[in-house]
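Student: Structure for the following, please:
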Amino acid sequence: MAEMLKPDEARKLLQEFVQNDPETEGAAFITLDGLAVASVFKEEVDDDELAAMGAALIGIAERVANDLGRGNPDQIILKGTKGYTLVRRVGDLGALVVMTTAKARLGMVFYNMKAVAKAFES
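Tutor: Model (predicted):
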C-alpha cells in the first residue's frame with residue numbers, strides 16, 4: 001500500500017493543480033474518515049467542514065452505488081448553480097476534492113485530477 005504524502009508535499013501538488021486552470025477554485029486532499037490533509041483554495045474555505053462533507057459524499061455515493069449494483073464509485077460530480085464539486089478516490093489513502101466554476105472544462109479537470117491522484121498514490 002502507498003504511503004500518505006506529507007502535508008507540505010500534498011499542498012505543493014494541489015497548488016500546481018489549482019494554478020494550471022483559472023476555472024478551478026481550489027482543491028483538497030482528505031482522508032476517507034473526513035480529515036483535511038492539505039488544501040489550496042483561491043478564497044477562504046473551512047478545511048475541516050470541506051473534509052467532513054467530502055467524506056460524507058463518498059459514504060453516500062458508495063452506499064447508493066453498491067445498493068444499485070454499480071460497484072464502488074471512482075468519482076462523484078456535484079453540479080450546483082455556481083459550479084462543480086468533484087470528488088475522486090485515491091485508493092485507500094483518501095480522496096481529492098475539487099471545486100470549479102460553472103464554466104470549467106470538466107474533461108480537462110478530470111484528466112488533471114487523475115494525474116494528481118496518481119502522484120498521491122506513488
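Student: going forward, measure contacts between C-alpha atoms and count neighbours the same way
Tutor: OK.
Student: any idea which helix or strand comes after the helix ranked longest in the chain?
Tutor: Counting residues, the longest helix found in the chain (DSSP state H) is helix 47-67. Moving toward the C-terminus from helix 47-67, the next helix or strand (DSSP states H and E) is strand 75-80.
Student: which strands and helices sit next to that following strand?
Tutor: helix 47-67, strand 83-90 (3 or more Cα pairs under 8 Å, 6 or more residues apart in numbering; DSSP states H and E).
Student: Return the most buried member of these.
Tutor: strand 83-90 (a mean of 21; mean count of other Cα atoms under 10 Å).
Student: Run through this structure and note the low-pLDDT ranges.
Tutor: Applying pLDDT under 70 to the chain flags the ranges 1-4.
Student: returning to what we had before: could you point out which of the helices and strands packed on strand 75-80 sits nearest T31?
Tutor: Of all the helices and strands packed on strand 75-80, helix 47-67 sits nearest to T31, with 7.5 Å by Cα to Cα.
Student: quick one, that closest one and strand 83-90 angle?
Tutor: 70 degrees (axes from the mean of the first three to the mean of the last three Cα atoms, to 10 degrees).
Student: any idea of the angle helix 47-67 forms with strand 75-80?
Tutor: 120 degrees.
Student: got a list of contacts for the longest helix of the chain?
Tutor: 28, 30-36, 39, 71-73, 76, 87, 97 (Cα atoms under 8 Å, 6 or more residues apart in numbering).
Student: got the helices and strands packed on strand 75-80 as TSV, with distance to L106 columns?
Tutor: Converted to TSV, the helices and strands packed on strand 75-80 look like this (distance: least, Cα to Cα, whole Å):
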stretch	distance to L106
helix 47-67	19
strand 83-90	9
